[in-house]
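what follows is a predicted protein model with its sequence.
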Amino acid sequence: MNISAGLLGGSLGNVGGIDVEFDEITTGGGLPARFERIDASAFAGRFGVTLELSGIAIPGQETFSIWDLALPGGEFGTAELRLQFAANDLPPGFDETRLALWHFNAGLGVFEPLPTLGIDSVAGILSASTAGFSTFVLGAAVPLPGGVLLFAPALAGLLAMRRRRSGRTS
């Protein structure tokens, strides 16, 4: 059974609003959410890395949308997030199909991309799938020749995990 929740005015078209649809919830809990827009210096102060080095920067954008979601005491399988963004906040000429939602992995200290399920550029809605809640940032994927998208921070995180498991540190 799917369970849905609208947070921060998600179904009402409010910028920063979120609709969440769970495939299942095994234990309950509250679902606090927070939305804010921060600039590059606030981003660096909060996450300890510059936007450029994080790999999520949208060229020409001065502020970024940040969502904090939690399910204290709760567990779930996967959830679809539908986040409302302000399409007119994107720099002129930016290809909205390059938008991605990034999850901050505090354990590794890196941003990881979530699977994008769809982008409605007219309504300003990005849909993504997640298996856990944390801080999420609306950013861009890095394009490679041939239309392939590289998620450099996620690749760095996976390599770091592989090194840890194999006992290598460099």
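Great, that's in hand.

now stretch 76-85, how far from the chain's geometric center?
10 Å (CA atoms, centre = their mean, to the nearest Å).

how about that stretch as PDB, C-alpha atoms only?
The C-alpha trace of stretch 76-85 is given here as PDB (Å, rounded to 0.1, in the frame of the first residue of the first chain):
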ATOM      1  CA  PHE A  76      10.600   2.800   4.900                       C
ATOM      2  CA  GLY A  77      11.500   1.000   1.700                       C
ATOM      3  CA  THR A  78      11.700   3.700  -1.000                       C
ATOM      4  CA  ALA A  79      10.000   7.000  -1.400                       C
ATOM      5  CA  GLU A  80       9.300   9.200  -4.500                       C
ATOM      6  CA  LEU A  81      10.000  12.800  -3.800                       C
ATOM      7  CA  ARG A  82       8.300  15.500  -6.000                       C
ATOM      8  CA  LEU A  83       9.900  18.800  -5.300                       C
ATOM      9  CA  GLN A  84       8.700  22.100  -6.500                       C
ATOM     10  CA  PHE A  85      11.400  24.500  -7.800                       C
END
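
residues in contact with that stretch?
Stretch 76-85 is contacted by residues 10, 13-26, 65, 67, 69, 99, 101, 114, 117, 123-131, 133, 136, 138 when judged by CB atoms under 8 Å, 6 or more residues apart in numbering. For the C-beta atoms, the positions are set from N, CA and C on the backbone; glycine is no exception.

now swap in stretch 58-65 and tell me
Stretch 58-65 is contacted by residues 16, 35-40, 43, 51, 56, 83, 85-86, 89-92, 94, 137-140 when judged by CB under 8 Å, 6+ apart.

which ones among the residues you listed lie within strands?
35, 36, 37, 38, 39, 83, 137, 138, 139, 140 (DSSP state E).

residue contacts, the last one?
For residue 140, the residues meeting the contact criterion (CB under 8 Å, 6+ apart) are 56, 57, 58, 59, 94, 98, 99, 100.
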